[in-house]
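Chemist: Coordinates for the following, if possible.
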Amino acid sequence: MATTITKQRTLNHLVSAPDLAGNIPAEALPVLEQFIYALCRENSTPEQAQQAYQNLRKRFFDWNEVRVSTIRELEEAMAGLSDTESRAQRLVSFLQEVFETTFSFDLEGLQKKGVKQAAKSLSRYGSANDYVGAWVVQRTLGGHAVPVDAATARCARRLGLIEAAAEDPESIRATLEHLVPKAKGVAFTDAVSNLAEQFCWEDEPRCSGCPLLADCPTGQEVCGNGMAAARTARAKPR
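Modeler: Purely as a prediction, here's the structure:
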């Protein structure tokens, strides 16, 4: 297992790699909208999530119309994401639960409860999971959280940031939150998503072109003698 110093070096290279930087500015969204965005963002890239979220905003008059729309209509709006049927069902379920509880589509009252209590309240919604809760905490509630989806966990394992056998999202998140400073949380989340999309594929990862090759134990194993070239390439100014 990598040492703490090695992990920090890898983390710094990850969040500073130009090829992996997020190119979509983080949008300041209210709690409810951020929850919905997180439903789009899990296991997708920033670009894919942004497109799906904007489709929902543009194709439907308001969130109530989304709530009463068919799953097929919502799937079409979310085209480009994986598992659109499940996402659409979770979205409708969430909006229905919010409406039945508050008779509105406004969760801004959670901001007054403090991060811990607000996160606990969000976790009670049936469509919530650890990723969605952590995303809202990181992006809207001002707390320190690292959302962990399958792509994040895969990249973190291969980079040696977490143990290879780690599977539980909550324990992985706790490990990463200890390693990733709050100030780098957003950059880490976007960079690791772009890494997963461009290079660190589940099957046949494109290790030879990865900007993290020199830091990645998995990449070193896959590419072998390509390490010297990778270090030279990373040292050149871009």
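
Chemist: residues of stretch 94-114 that come out buried?
Modeler: 94-95, 97-98, 105, 107, 110 (16 or more other C-beta atoms under 10 Å). In short, each C-beta sits where N, CA and C put it, glycine included.

Chemist: er, stretch 178-186 actually
Modeler: 179-180, 184-185.

Chemist: what's the answer for stretch 76-88, then?
Modeler: Result for stretch 76-88 [16+ other C-beta under 10 Å]: buried residues 77-78, 81, 84, 87-88.

Chemist: Export that stretch to CSV, keeping only CA atoms.
Modeler: Taking Å, rounded to 0.1, in the frame of the first residue of the first chain, the C-alpha atoms of stretch 76-88 are listed here in CSV:
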residue,chain,number,x,y,z
GLU,A,76,-35.3,11.0,-23.2
ALA,A,77,-34.3,14.1,-21.3
MET,A,78,-31.5,12.1,-19.6
ALA,A,79,-30.2,10.5,-22.8
GLY,A,80,-26.4,10.1,-22.7
LEU,A,81,-26.4,8.9,-19.1
SER,A,82,-26.2,5.3,-18.0
ASP,A,83,-29.2,3.5,-16.6
THR,A,84,-31.6,6.3,-17.5
GLU,A,85,-34.7,4.3,-16.4
SER,A,86,-33.5,3.9,-12.8
ARG,A,87,-32.4,7.6,-12.7
ALA,A,88,-35.8,8.7,-13.9
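
Chemist: quick one on the thing from earlier: so which of the buried residues of stretch 94-114 belong to helices?
Modeler: 94-95, 97-98 (DSSP state H).

Chemist: Relative to Leu20, which of the buried residues of stretch 94-114 is nearest.
Modeler: Set against Leu20, the nearest of those by C-beta to C-beta is Phe94 (30.4 Å).

Chemist: got the contact list for the residue nearest to that closest one when sequence neighbours are not counted?
Modeler: Using C-beta to C-beta, 6 or more residues apart in numbering and skipping the chain neighbours, the partner closest in space to Phe94 is Ser127 (4.0 Å). Taking C-beta atoms under 8 Å, 6 or more residues apart in numbering as the contact definition, Ser127 lies against 39, 90-91, 93-94, 97.

Chemist: which parts of stretch 124-144 are buried?
Modeler: Neighbour-count burial for stretch 124-144 flags 125, 127-141, 143 (criterion: 16+ other C-beta under 10 Å).

Chemist: And the contacts of the strand or helix carrying Ala49?
Modeler: Assessed by DSSP states H and E, Ala49 sits inside helix 46-59. Helix 46-59 is contacted by residues 22-24, 36-37, 40-41, 44, 66, 73-74, 77-81, 91, 190, 193-194 when judged by C-beta under 8 Å, 6+ apart.
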